[in-house]
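Trainee: sequence plus the predicted model coming up.
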Amino acid sequence: MILNAVFERFIKTSPVTVMTRSLLEYALSVEALDKLFAERAERQYQKELLFSSLVDLMGLVVCRIQPSVCAAYQAMQDDLPVTLAAVYEKLDKTEPNVAAGLVNYTASRLSPVIRELGGQLPPLLPGYRIRIIDGNHLAATDRRLAVLRESKAGPLPGQALVVLEPDLMLATHMIPCEDAHAQERSLFGQVLLLVTVGDLWIADRNFCTVGFLCGIIQAGGFFIIRQHGNFPIASSEELRPCGRCSTGDVFEQNVTFLNENGATVKLRRIVVRLDKPTQDGDVEIALLTNVSEKDASAVQVADLYLERWTIEGVFLTLTQIMDGEIPSLGYPGAALFAFAVALVSYNIASVVRAALRSTFGHEKVEKEVSWYYIANEVRVNYGGMDVALDEETWVPFQSMSASELATRLKEYASNVRLSAFKRHPRGKKKPATRRTKYANKTHVSTARLLARAGHKT
């Protein structure tokens, strides 16, 4: 009775934290994670330190509940029958295939929950399954490894391609690569294995190759991809004006290119003459697509391409709000594993937002609710809730159906006070002031400057 009363208290006072923990239990049960490791691992093995324990530990770090791997280890030491050195060794040798499997498994587990909640975002193009793909090079790490200590250049621990489904706002797949200097194109074969009939892939010009476009077409998929300057157009018709999109004037033409067997392939080419040049100085961009004009006009195609920036927002969340790129993890396996756990954490937060959308409405949540304040709420309350509630409290969530969990999440979401998570968008950025005063001084006294300006203290 006392335990139930404490649980009810947390549901009333911090429902977002309860929702997060419930989803973690549902998506990351010990049995499921250790089974995933057994199926995916090729070189590593489990003995005293289980893969599920490693995920729990890294989750504390990437969500900034603990400031470092060492701090997380000390917090969990009673449940970890190994030394800190053994934990680091396990992290360092984590295989990329295991990290990729973790992201894929949890996304497949969580997507039915969002659908049961009715928390999907409005479809960008009805009748198509939109999939946005982009690459992310992990930031340079500290030079803790012996091979890095004499290196002046920044050591990059790897890269990953990430697939986002914007209707669900879930990162469904991660394709990791330990070599940060490898071309993204070397990973396209793995991407094409994911293409299914009716997919619509949106990507930047790095993905504009003959092989990649033909692979999508052969799999029954569609694409909107920015044209690379080296892409070989075989023939083209005259450009015809089609109106305006949100960034400029839109034109369209029919073009052809030759596939790898020399056969002609017809495409639509959409040109946007921009109102403002891009950061690279481009005054127009060209998009290639095989979506029919009946399903999407040239203006719609141009606006759909802008949705590609959604995945850039995901990467920003992983680095600014979470800690998906940890400088102390120099080994590629450890760095990519941390990034995978950050993607899983992002997906958990996406389901929380879906529950809020189903309760308070799509527009209100998307316009007013901040990712930062949701993450901060969990950081502040998670540790205390973990101490106050016994592990047995969470066991039922591991075996719930998606429908049962969705019902519970809606119940918890009804207790959320949205004003506690209100966004505060900054105003228009002011131009930087030229600093010309006191150039010959090392520092100045703020109090004296305020006094000279007439401010009262």
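Mentor: Thanks, I have the structure now.

Trainee: after the helix or strand of the chain with the lowest mean pLDDT, which helix or strand is next? Please name it.
Mentor: When the helices and strands of the chain are compared on mean pLDDT, DSSP states H and E, helix 2-13 comes out lowest with a mean of 81. Downstream of helix 2-13, the next assigned helix or strand under DSSP states H and E is helix 15-27.

Trainee: please name the bridge partners of Asp199.
Mentor: When assigned by DSSP bridges, Asp199 has beta-bridge partners Arg129.

Trainee: doesn't Phe222 make contact with it?
Mentor: Yes: using Cβ atoms under 8 Å as the test, Asp199 is close enough to Phe222 to be in contact (6.7 Å). (Glycine included, C-beta is placed from N, CA and C.)

Trainee: so between those two, which is more surrounded?
Mentor: Phe222 (23 against 18; other Cβ atoms under 10 Å).

Trainee: quick revisit: what sits in contact with each of Asp199 and Phe222?
Mentor: The contact sets of Asp199 and Phe222 overlap at Tyr128, Ile216 (Cβ atoms under 8 Å, 6 or more residues apart in numbering).

Trainee: between the top helix by length along the chain and helix 15-27, how many degrees?
Mentor: Counting by DSSP state H, the longest helix found in the chain is helix 332-360. With axes from the mean of the first three to the mean of the last three Cα atoms, to 10 degrees as the basis, helix 332-360 and helix 15-27 are set at 120 degrees to each other.

Trainee: any idea which helix or strand comes after helix 332-360?
Mentor: Assigned by DSSP H and E, the successor of helix 332-360 is helix 362-368.

Trainee: in this protein, which spans are strands?
Mentor: With strands called from DSSP state E, the chain shows them at 129-137, 159-165, 170-177, 199-203, 222-226, 235-236, 240-244, 248-258, 264-274, 284-289.

Trainee: and of the ones you listed, who's closest to Arg9?
Mentor: Taking Cβ to Cβ, strand 170-177 is the member of the strands of the chain nearest to Arg9, at 31.0 Å.

Trainee: what lines up beside the closest one in the sheet?
Mentor: Applying DSSP bridges, one finds strand 170-177 paired with strand 159-165 (antiparallel).

Trainee: pretty sure Val255 sits against Ile270.
Mentor: No: look at Val255 against Ile270 with Cβ under 8 Å: they stay out of range, at 10.4 Å.

Trainee: what residues are up against the residue sitting nearest the centre point of the chain?
Mentor: For the chain, Val314 is the residue whose C-alpha lies nearest the centre (Cα atoms, centre = their mean; 3.8 Å). Contact analysis of Val314 by Cβ under 8 Å, 6+ apart lists Val162, Leu164, Ala171, Tyr346.

Trainee: picking that back up, just checking, what packs against the least confident helix or strand of the chain?
Mentor: helix 15-27, helix 371-388 (3 or more Cβ pairs under 8 Å, 6 or more residues apart in numbering; DSSP states H and E).

Trainee: the same query, at a cut-off of 10 Å, please.
Mentor: helix 15-27, helix 371-388, helix 402-413 (3 or more Cβ pairs under 10 Å, 6 or more residues apart in numbering; DSSP states H and E).

Trainee: can you redo those helices as CSV with distance to Ser235, mean pLDDT and mean neighbour count?
Mentor: CSV is the format used below for the helices and strands packed on helix 2-13 (distance: least, Cβ to Cβ, whole Å; pLDDT from 0 to 100; neighbours: other Cβ atoms under 10 Å):
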stretch, distance to Ser235, mean pLDDT, mean neighbour count
helix 15-27, 50, 94, 24
helix 371-388, 47, 90, 16
helix 402-413, 50, 96, 19
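
Trainee: re the thing from before, which of the contacts of Val314 tops the neighbour count?
Mentor: Leu164 (28 neighbours).

Trainee: how many other residues sit next to Val103?
Mentor: Around Val103 there are 27 residues (other Cβ under 10 Å).

Trainee: what's near enough to touch the closest residue to it other than its chain neighbours?
Mentor: Take Val103 and drop its neighbours on the chain: the residue closest to it by Cβ to Cβ, 6 or more residues apart in numbering is Met174, 4.2 Å away. Contact partners of Met174, counting by Cβ atoms under 10 Å, 6 or more residues apart in numbering, are 96, 99-104, 107, 136, 160-163, 336, 339-340, 343-344.

Trainee: what bridges to Met174?
Mentor: If you apply DSSP bridges, the partners that Met174 bridges to are Val162.

Trainee: give me the distance from stretch 403-410 to the chain's centre.
Mentor: 24 Å (Cα atoms, centre = their mean, to the nearest Å).

Trainee: now do stretch 189-197
Mentor: Its chain's average C-alpha position is 19 Å from that of stretch 189-197, according to Cα atoms, centre = their mean.

Trainee: same thing with stretch 178-196?
Mentor: For stretch 178-196, the distance to the chain centre is 17 Å (Cα atoms, centre = their mean).

Trainee: tell me the buried residues in it?
Mentor: Glu178, Ala180, Glu184, Leu187, Phe188, Val191, Leu192, Leu194, Val195 (16 or more other Cβ atoms under 10 Å).

Trainee: least confident of the residues you listed?
Mentor: For those, the weakest pLDDT value sits at Glu184, with 90.

Trainee: how close does that one get to Val162?
Mentor: 11 Å (Cβ to Cβ, to the nearest Å).

Trainee: again with Lys429
Mentor: 28 Å.

Trainee: now do Glu363
Mentor: 27 Å.

Trainee: tell me the buried residues in the least confident helix or strand of the chain?
Mentor: Phe7, Phe10, Ile11.

Trainee: as CSV, these with distance to Ala296 would be great.
Mentor: What follows is those, written out as CSV (distance: Cβ to Cβ, whole Å):
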residue, distance to Ala296
Phe7, 49
Phe10, 46
Ile11, 44
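
Trainee: and His455, what's its pLDDT?
Mentor: For His455, the model assigns a pLDDT of 82.

Trainee: any buried residues in stretch 419-428, and which?
Mentor: Phe421.

Trainee: pLDDT below threshold where in the chain?
Mentor: 1-3, 457 (pLDDT under 70).

Trainee: touching, Ala338 and Leu60? I think so.
Mentor: No: shown here, Ala338 and Leu60 do not form a contact pair, counting by Cβ atoms under 10 Å, at 11.4 Å.

Trainee: need the overlap of contacts for the two.
Mentor: Val69.

Trainee: more neighbours: which of these two?
Mentor: Of the pair Ala338 and Leu60, Ala338 is the one with more neighbours under other Cβ under 10 Å, namely 28 against 21.

Trainee: tell me the contacts of the closest residue to that one other than its chain neighbours?
Mentor: Using Cβ to Cβ, 6+ apart and skipping residues adjacent in sequence, the residue nearest Ala338 is Ile326, 5.1 Å away. Ile326 sits next to 58, 61-62, 68-69, 91, 138-139, 141-142, 157, 334-335, 338-339, 342 when contact means Cβ under 10 Å, 6+ apart.

Trainee: ok, Ile326 to Ala139 distance?
Mentor: Counting by Cβ to Cβ - Ile326 and Ala139 are separated by 9 Å.

Trainee: quick one: end-to-end distance for stretch 269-279.
Mentor: 22 Å (Cα to Cα, to the nearest Å).
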